[in-house]
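**Q** Here you go, sequence then predicted model.
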Amino acid sequence: MNLSRRLLAIGLAVSLAWVSMPFAVLGQERVDPPPTDESMKEQATRLDPKNSVAGRLEAIAWLNRHSEAHNAHLAIPALERCIRDDREARVRAYAIESLALIAGASPLDGAREKPEDSCPVVIIEAMLDEEEMVRQFADVYAGQFASYAPGSLDVLLRCAKSENVDVRADCVSHLARAGSKDERALEGIERAKKDESFAVRHNAHVAMFQATDDLAEHLAYLIRLQEDPDGVLGQVDPDSEVGRRELTIRNLACIGAAMSVVKWSDERPDDLAPALLGLLADPSPEMRRGAARLIGASAVKVDLALHDGKNSLEPPPVAAKAQQPPQRSNVAVRFEKLKAEDRLRELRDDDPDRTVRAAARMALGQLATVREKGPPR
């Protein structure tokens with residue numbers, strides 16, 4: 001999931017809860033009888049733009065409550081017309097929610113285990129809507145589907161060329177999921193990696209990893225992000241709204257990078273260990289330094305639930321006190337089998353770059369804290 005969608009999902013979950021309040025008594029659960037075909041069609045007709053905005057929203061709220069009814073599909077044509085043509089942005093946005101739930105998307109609260117059908121094309125088209133609220137709903141709810149209806153890829157490729165930076169930033173993860181085997185999608189993501197906006201570039205790197213699962217390539221990007229955050233960000237005006245936004249996204253991306261490595265250290269040790277060791281031979285001192293730091297840091301088991309959110313892989317004070325001595329992560333076992341310490345000692349003693357030597361020395365110290373036996377060398 002890209003950064004903007006993760007934040008928007010939280011905001012939409014809150015806003016949708018408030019939207020439903022006028023249609024139910026606060027503190028009570030509203031239970032309606034199963035709808036008949038006639039009642040379903042009646043609510044669909046209330047979506048006619050000739051009716052009031054309040055009436056159309058009430059109809060959508062009713063459809064939401066009955067989104068899993070066997071005859072909910074009868075409202076789909078009316079909802080699709082709302083999404084494409086309704087003059088009121090709120091109606092278009094909440095119609096997206098209703099259509100997504102009827103089509104089988106996982107709700108934002110996670111009540112449904114997995115989507116039942118593909119994301120309708122009309123929701124993907126709404127990512128190009130003129131109103132930000134509608135685009136956000138489309139982006140978030142499209143992300144709740146496991147697949148996309150035919151024709152979605154062509155629309156997403158149009159999104160990738162949008163003049164709106166948010167549209168470009170949001171669409172790349174959908175491109176990865178909708179067209180991971182399609183050269184057009186991969187080319188679109190590759191272009192996005194060179195976008196003028198950091199938000200687009202970062203999401204494109206994440207999307208390419210989703211599409212290819214090339215952990216070594218993605219680690220190289222994450223190391224550049226950690227070791228040279230200003231260089232990866234590029235030239236921005238820190239006093240402008242756009243610049244402040246880019247800086248915020250960059251900082252969140254750095255934290256996310258650290259968290260990802262912590263996760264892989266336990267879930268993908270067989271992939272993470274050789275990838276990091278391979279980067280120790282990279283021509284760039286920055287890359288060797290970053291790989292050495294990650295080897296040392298990822299060897300120590302970290303409980304993400306206790307992490308304090310700092311841009312660091314070091315365990316937080318609470319976790320450190322709870323784990324004495326520090327516990328080894330799964331990847332630490334792989335480092336030992338691959339003789340990572342031998343390679344780090346070579347860097348510590350012989351690397352021409354002072355910062356690489358220092359990083360290797362620190363990594364050796366961290367590995368020593370979780371070694372099962374034997375003194376550090």
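**A** Noted; the coordinates are in hand.

**Q** What is the subsequent helix or strand relative to the helix ranked longest in the chain?
**A** Identified as the longest helix of the chain according to DSSP state H is helix 241-267. Next helix or strand after helix 241-267 toward the C-terminus (DSSP states H and E): helix 269-279.

**Q** For the longest helix of the chain, list every residue counted as buried.
**A** Across helix 241-267, burial judged by 16 or more other Cβ atoms under 10 Å covers 246-247, 249-250, 252-254, 256-258, 260-262, 264-265. Where you see a C-beta, it was placed from the backbone N, CA and C, and this is true even at glycine.

**Q** That one packs against which elements?
**A** The helices and strands touching helix 241-267, judged by 3 or more Cβ pairs under 8 Å, 6 or more residues apart in numbering; DSSP states H and E, are helix 3-20, helix 198-212, helix 215-227, helix 229-233, helix 269-279, helix 285-298, helix 330-337.

**Q** ok, now with 6 Å
**A** helix 198-212, helix 215-227, helix 285-298 (3 or more Cβ pairs under 6 Å, 6 or more residues apart in numbering; DSSP states H and E).

**Q** That one: how far from the chain's middle?
**A** With Cα atoms, centre = their mean, to the nearest Å as the basis, helix 241-267 stands 10 Å off its chain's centre.

**Q** Could you list the low-confidence segments of the stretch 101-250 of the chain?
**A** Low-confidence segments of the stretch 101-250 of the chain (pLDDT under 70): 106-107, 109-116.

**Q** does Met127 really touch Leu157, like I thought?
**A** No - under the criterion of Cβ atoms under 6 Å, Met127 makes no contact with Leu157, lying 11.8 Å away.

**Q** Which one of the two is surrounded by more residues?
**A** Between Met127 and Leu157, counted using other Cβ atoms under 10 Å, Met127 has the larger neighbour count: 25 against 18.

**Q** Am I right that that one is in a strand?
**A** No - Met127: not assigned to a strand; according to DSSP: H, G, I helix; E, B strand; the rest coil it is helix.

**Q** Contacts for stretch 156-169, please.
**A** Residues outside stretch 156-169 that contact it (Cβ atoms under 6 Å, 6 or more residues apart in numbering): Met127, Cys171, His174, Leu175, Ala178, Gly188, Ser197, Ala199, Val200, Asn203.

**Q** Also stretch 173-183?
**A** Asn2, Ala142, Tyr148, Ser152, Leu153, Leu156, Ala185, Gly188, Ile189, Ala207, Gln210, Ala211.

**Q** Ends of it, what's the gap?
**A** Length of stretch 173-183, first residue to last, Cα to Cα, to the nearest Å: 15 Å.

**Q** List the buried residues for it?
**A** Here stretch 173-183 shows Ser173, His174, Leu175, Ala176, Arg177, Ala178, Gly179, Ser180 as buried, counting by 16+ other Cβ under 10 Å.

**Q** Relative to Asp350, which of the residues you listed is nearest.
**A** Ala176 (40.4 Å; Cβ to Cβ).

**Q** distance of the closest one from Arg201?
**A** Separation of Ala176 from Arg201 (Cβ to Cβ, to the nearest Å): 14 Å.
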